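Visitor: okay, here's the prediction I keep looking at, along with the sequence it came from:
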Amino acid sequence: MADDGKLSDFEKQALKDRAAELRKQAGRKGGSKKEKDLRDVLDTIEGLPEPDKAIAQMIHEAVTEVAPELDPKTWYGFPAYARDGKVIVFYQQASKFDARYGTLGFQDDASLDDGAMWPASFAIVEATDAVRKRVEELVKKAVG
């Protein structure tokens, strides 16, 4: 939020994106909810510019490989992965906020706790084997 208590343009757009996601989900026909949610994630990834697209694809592959129990879904326009409807991990693409880097983020239900303080998001600037390995480690820890 801006200092004046009003939503920033980015925050307003995120709310609009989430409302559009919910409308789209409510109006879908045919197939299971999980199949439709997966399709939404894949479509979201496909529509991203580089390097966000490569990073999101790498994260998607890593998450589905090491934590197949997580369900792909979109969340505020981000590719996300949830357990029992609660988002555990998501990728906030740099292009969405005209940022220098995208972030791999974890929500409250992620089991990343490490003492009195721990990171809950990680900057990613490119998809590499080393980055994928670290994503896999974090996701494994997050799901417990």
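Guide: Yes, it's here.
Visitor: buried set for the helix or strand bottoming out on mean pLDDT in the chain?
Guide: Here the helix or strand of the chain ranked lowest by mean pLDDT, DSSP states H and E is helix 9-27, holding a mean of 76. The neighbour-count check on helix 9-27 (16 or more other C-beta atoms under 10 Å) flags 14, 17, 21 as buried. In this view, the C-beta of every residue, glycine as well, is placed from N, C-alpha and C.
Visitor: now those residues as JSON lines including distance to residue 73?
Guide: Output for the buried residues of helix 9-27, formatted as JSON lines (distance: C-beta to C-beta, whole Å):
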{"residue": "14", "distance to residue 73": "16"}
{"residue": "17", "distance to residue 73": "13"}
{"residue": "21", "distance to residue 73": "9"}
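Visitor: tell me the one of those residues nearest residue 130?
Guide: Ranked by distance to residue 130 (C-beta to C-beta), these are led by residue 14 at 30.3 Å.
Visitor: low-confidence bits of the protein, can you list those?
Guide: Applying pLDDT under 70 to the chain flags the ranges 1-3, 25-30.
Visitor: so the residue nearest in space to the middle of it, which state does it fall into?
Guide: By C-alpha atoms, centre = their mean, the chain has its centre lying nearest to residue 90, at 2.2 Å. Of the three states, residue 90 takes strand according to DSSP: H, G, I helix; E, B strand; the rest coil.
Visitor: quick check: bridge partners of it?
Guide: Taking DSSP bridges as the rule, residue 90 bridges to residue 80, residue 105.
Visitor: which residues touch it?
Guide: By C-beta atoms under 8 Å, 6 or more residues apart in numbering, residue 90 lies in contact with 75, 78-81, 104-105, 107.
Visitor: by contact count, what packs against the least confident helix or strand of the chain?
Guide: Judged by 3 or more C-beta pairs under 8 Å, 6 or more residues apart in numbering; DSSP states H and E, helix 9-27 is in contact with helix 33-46, strand 71-75.
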